[in-house]
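Asks: Model the following, please.
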Amino acid sequence: MNTAYPALTILEEKIGQLTEQDLEKALQVFRHSLAHEASAYLNSCVHCGLCDESCHYFLAYGDLESMPAYKLKLVTDVFKGHFSRLGRTLPGLVGARKLDHAMIRAWLDSLFGRCSLCGRCSINCSIGINITQLIRAARGALAAIGLVPPGLQSTVDTAMQKGNNMGIPREDWLETVEWLEEELRAEVDDPQARLPLDESGVNLLYTINPREAMFFPLSILAAAKIFYAAKESWTFSRDNYDVTNYGLYSGDDAVAGTLSNRLVESMNALQARTLVLAECGHGFNSNRWEAPEWLSKHYPFPVKSVLEIVADYIRAGRIRLDPSRNAKTVTLHDPCNLVRLGGIIEEQRFILRHAVADFVEMTPNREKNYCCGGGGGQLAMTNFAERRLEAGRIKAEQVRATGADVLVTPCHNCIDQFMELNKHYQLGIEIKTVCEMVAEALVLP
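Replies: Prediction:
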């Protein structure tokens with residue numbers, strides 16, 4: 001029994017209670033999640049090892065268990081053991097294994113505990129295997145039998161039951177918006193400035209990460225200030241404002257679809273024209289790319305990152321910026337779900353070149369940038385916190401090499417991770433969102 005990490009004790013107890021019916025259920029969910037393309041991936045790895053150097057866990061630890069090919073093999077061996085004719089008849093010949101209690105433990109340790117689903121291994125795979133997709137499929141099998149690490153599952157449950165992943169009561173959210181509206185009016189010296197709620201027929205429905213309302217309200221204020229300067233027609237929803245979706249991380253497609261569909265319902269109810277997602281990496285990937293697949297339906301409205309909106313404001317001259325107001329050296333971290341898996345790559349760079357006086361890139365950057373270690377649900381899984389911080393050393397070294405005073409990242413999961421890395425590795429940096437930098441540089445009429 002592990003007393004240092006109660007979550008591990010809980011998981012071990014659940015593993016001990018698994019029945020053959022539970023294991024069969026997990027296998028069926030796993031098989032159902034694999035399309036023909038994914039099944040082909042499971043028979044394609046040539047064990048070349050080119051993915052190793054792409055993984056921040058392997059670079060930090062250098063052990064077998066942290067190799068992406070090893071994690072993939074855990075998934076592949078189970079597929080062969082149950083769904084391959086040769087694997088069922090001659091398992092030793094192809095390395096096939098059964099999904100038993102020992103394999104369940106290995107899946108939990110490697111697929112949840114040594115992976116942030118960042119996708120960097122896939123772009124370095126010599127034959128293009130979507131390793132992230134396959135690991136998430138195995139996570140979904142574990143989710144089906146209640147074996148998601150407790151911290152991550154608790155975050156998913158809170159979002160399902162309370163309407164947002166922080167469990168913020170409706171009245172608290174409304175009070176926060178009211179208070180921020182007063183702050184906006186004071187900042188722009190206009191008593192008519194507003195943070196609208198549930199307004200119909202507007203151009204933009206803006207969604208946030210609930211951590212902004214709870215801990216980082218100035219990032220909400222920054223976005224509101226930008227919308228004010230651009231004379232935008234926009235609104236918040238009173239109820240469905242949560243851009244996050246931890247169902248992406250747990251692997252539970254049904255839950256993930258339910259969470260994303262709430263935003264669709266608000267769009268339809270308010271007849272807004274564009275769904276705008278705040279600075280949240282996995283929130284963008286979930287709601288822009290994955291949700292239509294989870295829900296099996298086409299969205300009748302565009303879904304955009306707030307970065308795309310702000311970049312368009314600059315191009316169209318709807319806002320003016322004075323970069324001298326941000327005089328410190330600034331570097332940019334690319335969130336994996338937004339950049340490598342989401343395709344929002346140049347907008348944030350375009351914005352920063354207009355908003356700051358001294359912008360320096362990390363090396364490598366864009367889709368080849370290293371994961372900070374905060375994704376994949378890692379921040380919610382306290383039992384793997386030590387690994388998360390050690391794996392984050394790769395990113396900390398990358399940041400330090402820039403000599404920057406300010407680190408900007410358009411993702412609150414990344415911000416939370418960097419706050420810990422900043423302290424743990426004594427980086428001595430400020431950490432801000434892109435919209436905060438823009439708001440500082442705004443030249444108001």
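Asks: tally of neighbours for E13?
Replies: 10 (other CB atoms under 10 Å). (Each C-beta comes from the backbone N, C-alpha and C, glycine too.)
Asks: Secondary structure element for it, which one?
Replies: helix 6-16 (DSSP states H and E).
Asks: so what secondary structure elements neighbour that helix?
Replies: helix 101-107, helix 150-162 (3 or more CB pairs under 8 Å, 6 or more residues apart in numbering; DSSP states H and E).
Asks: For that helix, C-alpha coordinates in CSV please.
Replies: Extracted C-alpha coordinates of helix 6-16, given in CSV (Å, rounded to 0.1, in the frame of the first residue of the first chain):
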residue,chain,number,x,y,z
PRO,A,6,-3.2,8.0,-1.6
ALA,A,7,-4.3,8.1,-5.3
LEU,A,8,-2.0,5.1,-5.9
THR,A,9,-3.6,3.2,-3.0
ILE,A,10,-7.0,3.9,-4.4
LEU,A,11,-6.0,2.7,-7.9
GLU,A,12,-4.4,-0.4,-6.5
GLU,A,13,-7.6,-1.3,-4.6
LYS,A,14,-9.6,-0.8,-7.7
ILE,A,15,-7.3,-3.0,-9.7
GLY,A,16,-7.6,-5.7,-7.1
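Asks: Name the residues that touch that helix?
Replies: Contact partners of helix 6-16, identified using CB atoms under 8 Å, 6 or more residues apart in numbering, comprise 1-3, 101, 104-105, 108, 146-147, 149-151, 381-383.
Asks: Next, find the distance separating R315 from V360.
Replies: 23 Å (CB to CB, to the nearest Å).
Asks: okay, now the domains of this structure?
Replies: 6-147, 155-313, 320-441 (automatic domain parsing).
Asks: Would you check how far apart V399 and C414 are?
Replies: For V399, the distance to C414 - CB to CB - is 11 Å.
Asks: typed the wrong thing, it's T89
Replies: Distance from T89 to C414, by CB to CB: 47 Å.
Asks: try Y206
Replies: Distance from Y206 to C414, by CB to CB: 20 Å.
Asks: who has more neighbours, the two?
Replies: C414 (31 against 26).
Asks: So the more buried one: helix, strand or coil?
Replies: helix (DSSP: H, G, I helix; E, B strand; the rest coil).
Asks: State the phi and psi torsions of the residue nearest to L332 when sequence neighbours are not counted.
Replies: Nearest non-adjacent residue to L332, counting by CB to CB, 6 or more residues apart in numbering: V408, 5.3 Å away. Note on V408: its backbone torsions stand at phi -110, psi 130 [degrees, to the nearest 10].
Asks: Give me the pLDDT value at M166.
Replies: M166 is assigned 97 on the pLDDT scale.
Asks: For burial, what's the neighbour tally of it?
Replies: Neighbours around M166, by other CB under 10 Å: 20.
Asks: just checking, it touches W173?
Replies: No: counting by CB atoms under 8 Å, M166 sits too far from W173 to count as a contact (9.7 Å).
Asks: what is in contact with these two at once?
Replies: By CB under 8 Å, 6+ apart, M166 and W173 have these common neighbours: A213.
Asks: Right, I'll call it a day here.
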